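In: structure for this input, please:
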Amino acid sequence: MISLRALTSFSIFLGFVLADCECGYSIATGPGDGEYIFTDLLESDFIHLDLTDGTPAYGKYGWAPQEFDMSSEVARGPYGEAFTPQNVISNNIADAQTFEGPGSKGGDAGLHLVVDSEIHDGMVAGADIATTVPQYYHGTFRAGIKVTDVPGTCGAFFWYMNDTQEIDIEFLSSQFDKSNNTFPVNLVLQSKESRDAGFDASKTDSFRKVNLPFDPTADFHEYRIDFLPDRVRFYADASLLAEMNGTGVPSTPGNLQLSHWSNGNTGWSQGPPARNATTTVSYVKAYFNSSLDARQHDYRVRCKNPEAPRAVCAVPDNNATFFFSNMRNMTMNQTAYRQDGVGSSGAGQTTQEWSLPLLAAALGACAWVIGL
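Out: Numbering: from 1, shown residues only. I've put the predicted structure just below:
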């Protein structure tokens, strides 16, 4: 029997890889800026992944619905905010090959983040999900989102470590005006400067309000954060919206979050909404450098020849149905969260491992070239 270590040695000698993407996932950010390679991935297909399937394991699928309250004083609005798992609703399509159409509960398929219209005990109920390990350092983070068209909420896709290390894409539904095609998105680096300005990032250099060239409430679009060592870039459907650098660029690892809320603040979320408001997330794809020693060790073990064909995989832009974790011949030691099988209604955690056909193919290639 030939060991995996022997197979890896063969691959180094022959100059090829035993599986795709062993040395990471790459993006090209523009002329003169070179290529960035990230070591790890997290891919969540919320059209098929049931995040609220009742599993007792916290964060089983890499995410966890959050449950906490913020007083009106802390939330800086006339109402407090109550984040509850009941307002996080998975609305899945059972057929794993189908990505369009209504979910099993009706309406848009995906993960529904709901803000209630009614006020209870001075609080407005909203929704928030977060990754469970703050390991996300530099990377490219992408989400497919259809924003609510009900005025009076704030929807956000963001990277977060603390209130002065935060990268935000925020949608204020009260700012949308269909009559003149005005659909702004707010791009923010929360920093020490914004803290000193009373957490009003609009008074710093780390804030941009950009009008989108489409109606974000009419369909799903991909919103993207590239967190690079010296800058942050924001995109919509692969088109660059803004770039920020300087002291506002975070210097630590953090986690990823999606939230939808309202507290009645006339300067921001406004609201509460006149009726329950839903923002829907179809996927999140994160290609990143992990801050965890174990993940860094796994990368060093599997990446032996970064120059070999397919050792590094280019990340496709704005492709809602492509997931590396659904591809055959993927590298070992990468954890993905996806369905357990075609057409299955369940979801599970799968760690890419060597299959018997892949081992046989690798052994055959080595024997043919070396003459074993």
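In: break the protein down into its domains, please.
Out: Using automatic domain parsing, the domain parsing of the chain gives 4-37+304-370, 40-289.
In: could you dump the ones you listed to a markdown table with mean neighbour count, mean pLDDT and distance to Gln296?
Out: C-beta coordinates here come from the backbone N, C-alpha and C atoms, glycine included. Shown next, in a markdown table, are these (neighbours: other Cβ atoms under 10 Å; pLDDT from 0 to 100; distance: least, Cβ to Cβ, whole Å):
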| stretch | mean neighbour count | mean pLDDT | distance to Gln296 |
| --- | --- | --- | --- |
| domain 4-37+304-370 | 16 | 62 | 11 |
| domain 40-289 | 19 | 94 | 8 |
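In: my guess is Ala236 contacts Asn211. True?
Out: No. Counting by Cβ atoms under 8 Å, Ala236 stays clear of Asn211, with 10.6 Å between them.
In: returning to that earlier point: now distance to His297 too, for the domains of the chain, in TSV please.
Out: What follows is the domains of the chain, written out as TSV (distance: least, Cβ to Cβ, whole Å):
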stretch	distance to His297
domain 4-37+304-370	9
domain 40-289	12
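In: which among these is found nearest to Arg295?
Out: Between Arg295 and these, the tightest spacing by Cβ to Cβ is seen for domain 40-289, at 5.7 Å.
In: what is the end-to-end distance of that closest one?
Out: With Cα to Cα, to the nearest Å applied, domain 40-289 spans 6 Å between its terminal residues.
In: tell me how far it lies from the chain's centre.
Out: 10 Å (Cα atoms, centre = their mean, to the nearest Å).
In: residues contacting the spatially closest residue to Arg310 that is not a sequence neighbour?
Out: Nearest non-adjacent residue to Arg310, counting by Cβ to Cβ, 6 or more residues apart in numbering: Asp20, 4.7 Å away. Contact analysis of Asp20 by Cβ atoms under 8 Å, 6 or more residues apart in numbering lists 310, 313, 324, 327, 329-331.
In: how about the helices in the stretch 201-350 of the chain?
Out: Assigned by DSSP state H, counting those that start in this stretch, the stretch 201-350 of the chain shows helices spanning 293-302.
In: let me know whether Ile37 touches Tyr25 as I believe.
Out: Yes. Ile37 lies in contact with Tyr25 (Cβ under 8 Å); the separation is 7.0 Å.
In: who touches both of those two?
Out: Common neighbours of Ile37 and Tyr25 (Cβ under 8 Å, 6+ apart) are Val312.
In: ok, back up a step: which strand residues bridge the residue nearest to Arg310?
Out: Met330 (DSSP bridges).
In: now do the contacts for Ala294.
Out: Taking Cβ under 8 Å, 6+ apart, one finds nothing in contact with Ala294.
In: no no, Gly32
Out: Shown in contact with Gly32 (Cβ under 8 Å, 6+ apart): no residues.
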